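Undergrad: Sequence and predicted structure are below.
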Amino acid sequence: MASRIPCPHCGLRPKEEFTVKGAALQRPDAEAGADAWHDYVYLRDNPRGAYEEYWHHTAGCRRWLVLARDTVTHEVASCRDASETKAVMA
């Protein structure tokens, strides 16, 4: 994992200030069937390459972030506030 994460609010910060919370997946519609909700809650892919995850800046601004990183090299491609955009990667 990269040793620094570019928080959009606090700037470049050490990764130890953050807590990873899991995949940033598109949430199903409220009317989606049980199978769609089961997949969303319990099933995760383990991709090689680009992946988006929710991170919490626990020891900083305390904001939820979406971090795009490469699962092979752990290089951080981008970091944005989770409230500003929807997750687009599945």
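TA: Yes, it's here.

Undergrad: tell me the centre residue of the protein?
TA: Nearest to the mean C-alpha position of the chain, by CA atoms, centre = their mean, lies residue 53 at 1.8 Å.

Undergrad: List the beta-bridge partners for it.
TA: residue 23, residue 67 (DSSP bridges).

Undergrad: in the lowest-mean-pLDDT helix or strand in the chain, what's buried?
TA: Using mean pLDDT, DSSP states H and E, strand 19-23 stands out as the lowest-scoring helix or strand of the chain, at a mean of 90. By 16 or more other CB atoms under 10 Å, the buried positions in strand 19-23 come out as residue 23. From N, CA and C alone the C-beta is placed, and that goes for glycine too.

Undergrad: At which residues are the helices of this structure located?
TA: Counting by DSSP state H, the segments of the chain that form helices are 34-42.

Undergrad: Output the below-cut-off pLDDT ranges for it.
TA: Counting by pLDDT under 70, the ranges of the chain that qualify are 1-2, 85-90.

Undergrad: Which parts of it are strands?
TA: With strands called from DSSP state E, the chain shows them at 4-7, 11-14, 19-23, 50-56, 64-70, 76-81.

Undergrad: Redo those strands as a markdown table? Include distance to residue 38.
TA: Below are the strands of the chain laid out as a markdown table (distance: least, CB to CB, whole Å):
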| stretch | distance to residue 38 |
| --- | --- |
| strand 4-7 | 32 |
| strand 11-14 | 36 |
| strand 19-23 | 15 |
| strand 50-56 | 20 |
| strand 64-70 | 23 |
| strand 76-81 | 28 |
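
Undergrad: Tell me which of the ones you listed sits nearest to residue 32.
TA: Counting by CB to CB, residue 32 lies closest to strand 19-23 out of these; the figure is 17.3 Å.

Undergrad: Output that closest one as CSV, restricted to C-alpha atoms.
TA: Only the C-alpha atoms of strand 19-23 are listed here, as CSV (Å, rounded to 0.1, in the frame of the first residue of the first chain):
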residue,chain,number,x,y,z
THR,A,19,-9.2,3.0,8.0
VAL,A,20,-10.1,1.0,5.0
LYS,A,21,-13.8,0.0,5.0
GLY,A,22,-14.3,-2.1,1.8
ALA,A,23,-15.3,-2.0,-1.8
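
Undergrad: Having no further points to raise, I will conclude here.
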